[in-house]
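Enquirer: What follows is a predicted protein model with its sequence.
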Amino acid sequence: MKIDEAREVRTTCPYCGVGCGVLAKVAANGEVTVRGDPDHPANFGRLCSKGSALAETIDLDGRLLYPEIHGHRTDWDEALDLVASTFSRTIAEHGPDAVAFYVSGQLLSEDYYVANKLMKGFIGSANIDTNSRLCMASSVAGHRRAFGSDTVPGGYEDLELADLIVLVGSNLAWCHPVLYQRIAGAREKRPEMKVVLIDPRRTMTADIADMHLAIAPDGDVALFTGLLAYLGQHNALDRTYVTAHTTGFGQALFAASALDLAGVAAATGLGEDELVSFYSLFAATAKTVTVYSQGVNQSSSGTDKVNAIINCHLATGRIGKPGAGPFSVTGQPNAMGGREVGGLANMLAAHMEIENPEHRDRVQRFWSAPTVAEKPGLKAVEMFQAVADGRIKALWIMATNPVDSMPDADVVEAAIKACPFVVVSDVLAKTDTIRHAHVRLPAAAWGEKDGTVTNSERRISRQRAFLPVPGEARADWWIIAEVAKRMGFGEAFSHPSPSEIFAEHAALSAFENDGARDFDIGAYGDIDAETYEELPPFQWPAPSQGTPLWPAGHLPLRGGDQSSSWPSLVVKVAERAPSVELPISPLEGEIAGRPEGGGTIGRQPVRFFANGGYYTPDRKARFISVRPTAQTRTSPDYPLILNTGRVRDHWHTMTRTGKSPRLSQHLAEPFAEIHPSDAQHFGIGDADIARVSTAHGEVLVRALVTARQRPGSVFVPMHWTDQFSARARVDALVAPITDAISGQPASKNVAARVERF
Ligand code: SF4
């Protein structure tokens, strides 16, 4: 690749789900500089500490630069032939469900799309799951139950327009720092804006909170079920909205009414006065956004938590309106893109459903595929259990490090070690996972490859290359397609570049899509190489079939009729301009002219949920009746609750951020946060080395005694591996307990004990 030194390349940060735009430049001496993209609608020029240190993490130290078989350098042909022949033979001997792909929210959508197509349409199994299962699967399941689709009904701008932001299980200040900055900025302009933080820990996010509710672990279903009952009792419902746009309200309210305030207080560990303060504030504030993240998702009741939150927004009609809505923020840069291409074991591409025979038929015809998976595949935790018990005999891991990041990580490592055939494609030569691979395939890294990612507000942005690809590394999509060709599926995998893959992905989303499916980026128009190169960040759902990315003064509308439940659409005419509500009459027509305010409609088109229209058969959202279930896991041997999570300046298993001395200065070593009363009880002093153990394993980490921690709980960050600090792999301590609906592990509620080492 030829590098244009004079040009700043517009790309996207590879870390969290905020999806900030980045401008990267390579100087004549090879030095790379990055800055926030002032024109990107996610960050408007801001970057957090991780994003601004990106240039410090892109050297070639430790890179895997050549294919290897059994640790010896080989060439691509030999490596690819071995992968293809072993997968083909395994399928022939044991059936398609004897193989699996474990992929990653770090992959670009184009990589993800090709992997999903190969597994579901050509191998004929749905055994492809992703580390995003650990991140947001409960939100996906909750959205699908409530809306009939995995649609996120809100955007970042809602955070600035809200009068009340409720942050649930989300340390936004450290995990989504630019969103935190946007909220802090909005509060400076509108000091009357309120923030409530619901988190067992008093995290740094509490610094902007007017109220912090130190909820008991997994008390969220009770809290929001109690809120629904309170809203009903205090005449704070939007009955018009409920009647017009939802079903199941009566049952949900009846179920909620079984829990009185004292019951909620007992289940949440909160005082009744605290509950009433929060409930009354929520009831009184029409413009409320409830933001939730891993504290909600990573739970054995994660899906119910999501629906308990959504229920409260549906009951008050606070959804799809400017400054109002439930809003799941994803952890990874492309967790959302993975959802779009069907990277989860229980989904098909383009948000179609594996259990739906029409969807299967449509996808199979579109791909001209010999088959299509007929049932959901194994979700992440199940997948590694199947590796352990020998059902999976060939495993391909792409861009992730499950030996450190999966629950019960020691058992996962033993399973991978014993698996007859393991392929790992990664950018690094040494990770705890790749050392067990029979075949190692060198992948191109951030800055070297092209594609797209989708952030938490469903904004698709380009990642663009600005560095040459080193050694013999290749883009993931190319590696997967080459294996597919060698398995005999050449014609369907002959994509010459990521732009063709994106165009196919967009065309599939539009294929026989009569509006019954939410994901339809094909509606933005045809994508050719030039359009793809220049593609600006854009959000979906598309407002209509045929709306181009750069509309010229009018917004053609998808068909409908006057009796439709969409009497108006809320349209943004500029990124930072207020939304305007436009009457649509008749629906089959055009909004003539461009409303005052400038900007482009296409880059922030329409708030689809403004006045109803969900993706259920009757177009109504569903209330889900949820009840809190007992989550007590402690015992005399393990009297504390272990909570795991992120720190501000590191990412996942530190394979990238561990390269930056600057990022390691913030928190230089792993630690266990413990409340002073527990520290005293267990004889632990501040800065002592503590042994944290569960029924699954133990770590040795520095004790950090702090009243920010809830009594009865201990927090250990997830990042450090044995490579950085001996015996600090906290996921080896996490039980493989999952949410029964979403399959997401309960990484924040594990019975543990702490001792001085
Ligand atoms: Fe990157 Fe997230 Fe920081 Fe933005 S907030 S710069 S996407 S890590």
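Expert: That came through fine.

Enquirer: So the one residue in the chain that gets nearest to the ligand: helix, strand or coil?
Expert: Of all residues in the chain, the one sitting closest to the ligand is G51 (2.4 Å; Cβ to the nearest ligand atom). All C-beta spots, glycine's among them, are computed from the backbone N, C-alpha and C. Recorded secondary structure, G51: helix (DSSP: H, G, I helix; E, B strand; the rest coil).

Enquirer: contacting residues around the spatially closest residue to it that is not a sequence neighbour?
Expert: Nearest non-adjacent residue to G51, counting by Cβ to Cβ, 6 or more residues apart in numbering: C13, 4.5 Å away. C13 makes contacts with 19-22, 47, 50-51, 54, 333, as judged by Cβ atoms under 8 Å, 6 or more residues apart in numbering.

Enquirer: Please determine how far C13 is located from K120.
Expert: Remark: distance between C13 and K120 (Cβ to Cβ, to the nearest Å) = 29 Å.

Enquirer: Stretch 263-275 - what's its average pLDDT?
Expert: Averaging pLDDT along stretch 263-275 yields 97.

Enquirer: Give the buried residues for it.
Expert: 264-270, 274-275 (16 or more other Cβ atoms under 10 Å).

Enquirer: what does stretch 336-355 give?
Expert: 336-354.

Enquirer: check which helix or strand covers the closest residue to A258 other than its chain neighbours.
Expert: Spatial nearest neighbour of A258, excluding adjacent residues (Cβ to Cβ, 6+ apart): R627 at 7.3 Å. R627 belongs to no helix or strand when elements are defined using DSSP states H and E.

Enquirer: thought R627 was touching L228?
Expert: No. Assessed by Cβ atoms under 8 Å, R627 is found out of contact with L228, at 11.6 Å.

Enquirer: Show the low-confidence segments of this protein, by residue range.
Expert: Where the chain drops to pLDDT under 70, the residues are 1-6, 542-612, 631, 724-726.

Enquirer: Can you check which strand is longest in the chain?
Expert: Criterion DSSP state E: the longest strand present in the chain is strand 697-705.

Enquirer: what's the following helix or strand after that one?
Expert: Counting by DSSP H and E, the next helix or strand C-terminal to strand 697-705 is strand 713-717.

Enquirer: Now do that next one against strand 697-705: the angle between them, please.
Expert: 100 degrees (axes from the mean of the first three to the mean of the last three Cα atoms, to 10 degrees).

Enquirer: residues in contact with strand 713-717?
Expert: With Cβ under 8 Å, 6+ apart as the test, strand 713-717 has contacts from 200-201, 217, 640-647, 650, 667, 670-675, 678, 692, 699, 701, 709, 730, 733, 752, 754.

Enquirer: how about stretch 699-718: buried residues?
Expert: Under the neighbour-count criterion of 16+ other Cβ under 10 Å, stretch 699-718 has 699-706, 708-710, 712-718 buried.

Enquirer: where along the stretch 601-750 of the chain do the strands fall?
Expert: Applying DSSP state E, counting those that start in this stretch to the stretch 601-750 of the chain gives strands spanning 606-607, 621-622, 640-645, 671-674, 689-694, 697-705, 713-717, 750-756.

Enquirer: just the angle between the longest one and strand 640-645, please?
Expert: In this structure, strand 697-705 runs at an angle of 90 degrees to strand 640-645, with the same axes, to 10 degrees as the basis.

Enquirer: helices and strands around the longest helix seen in the chain, which ones?
Expert: When the chain is scanned for its longest helix (criterion: DSSP state H), the result is helix 76-94. Counting contacts by 3 or more Cβ pairs under 8 Å, 6 or more residues apart in numbering; DSSP states H and E, helix 76-94 packs against strand 68-69, strand 99-103, strand 394-398, strand 421-426, strand 439-442, helix 476-484.

Enquirer: In TSV, list the ones you listed along with distance to the ligand.
Expert: Output for the helices and strands packed on helix 76-94, formatted as TSV (distance: least, Cβ to the nearest ligand atom, whole Å):
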stretch	distance to the ligand
strand 68-69	31
strand 99-103	20
strand 394-398	21
strand 421-426	20
strand 439-442	25
helix 476-484	20
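
Enquirer: Rebuild the ones you listed as CSV, extending it with mean neighbour count and distance to S456.
Expert: Below are the helices and strands packed on helix 76-94 laid out as CSV (neighbours: other Cβ atoms under 10 Å; distance: least, Cβ to Cβ, whole Å):
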stretch, mean neighbour count, distance to S456
strand 68-69, 18, 36
strand 99-103, 27, 19
strand 394-398, 25, 22
strand 421-426, 24, 25
strand 439-442, 25, 30
helix 476-484, 25, 22
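
Enquirer: mind checking which of these is nearest D361?
Expert: Minimum separation from D361 across these (Cβ to Cβ) falls at helix 476-484, 21.6 Å.

Enquirer: elements contacting that closest one?
Expert: The contact analysis (3+ Cβ pairs under 8 Å, 6+ apart) places helix 476-484 against helix 76-94, helix 109-116.

Enquirer: Stretch 158-167 near the ligand anywhere?
Expert: No. Applying Cβ under 6 Å from any ligand atom, one finds stretch 158-167 out of contact with the ligand, separated by at least 13.2 Å.

Enquirer: what comes into contact with that stretch?
Expert: Residues from elsewhere that reach stretch 158-167 (Cβ under 8 Å, 6+ apart): 179, 182-183, 185-186, 192-199, 205, 209, 281-282, 285-292, 322-325, 327.

Enquirer: Just the CA atoms of that stretch, as PDB, please.
Expert: Extracted in PDB, the C-alpha atoms of stretch 158-167 (Å, rounded to 0.1, in the frame of the first residue of the first chain):
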ATOM      1  CA  ASP A 158     -30.600  11.900  23.300                       C
ATOM      2  CA  LEU A 159     -28.100  11.900  26.100                       C
ATOM      3  CA  GLU A 160     -27.600  15.700  25.600                       C
ATOM      4  CA  LEU A 161     -31.300  16.300  25.200                       C
ATOM      5  CA  ALA A 162     -32.500  14.400  28.200                       C
ATOM      6  CA  ASP A 163     -33.500  16.000  31.500                       C
ATOM      7  CA  LEU A 164     -32.800  12.800  33.400                       C
ATOM      8  CA  ILE A 165     -30.200  10.200  32.600                       C
ATOM      9  CA  VAL A 166     -30.300   7.000  34.500                       C
ATOM     10  CA  LEU A 167     -27.100   5.000  34.200                       C
END
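
Enquirer: Measure how buried the residue nearest to P177 when sequence neighbours are not counted is and give me the count.
Expert: The spatially closest residue to P177, leaving aside those adjacent along the chain, is C48, at 3.5 Å (Cβ to Cβ, 6+ apart). Look at C48: counted by other Cβ atoms under 10 Å, it has 25 neighbours.

Enquirer: Likewise for V195?
Expert: Close neighbours of V195, defined as other Cβ under 10 Å, add up to 23.

Enquirer: Surely it and R187 touch.
Expert: Yes. V195 lies in contact with R187 (Cβ under 8 Å); the separation is 7.1 Å.

Enquirer: so what's in contact with those two at the same time?
Expert: Jointly contacting V195 and R187 under the rule Cβ under 8 Å, 6+ apart are I208.
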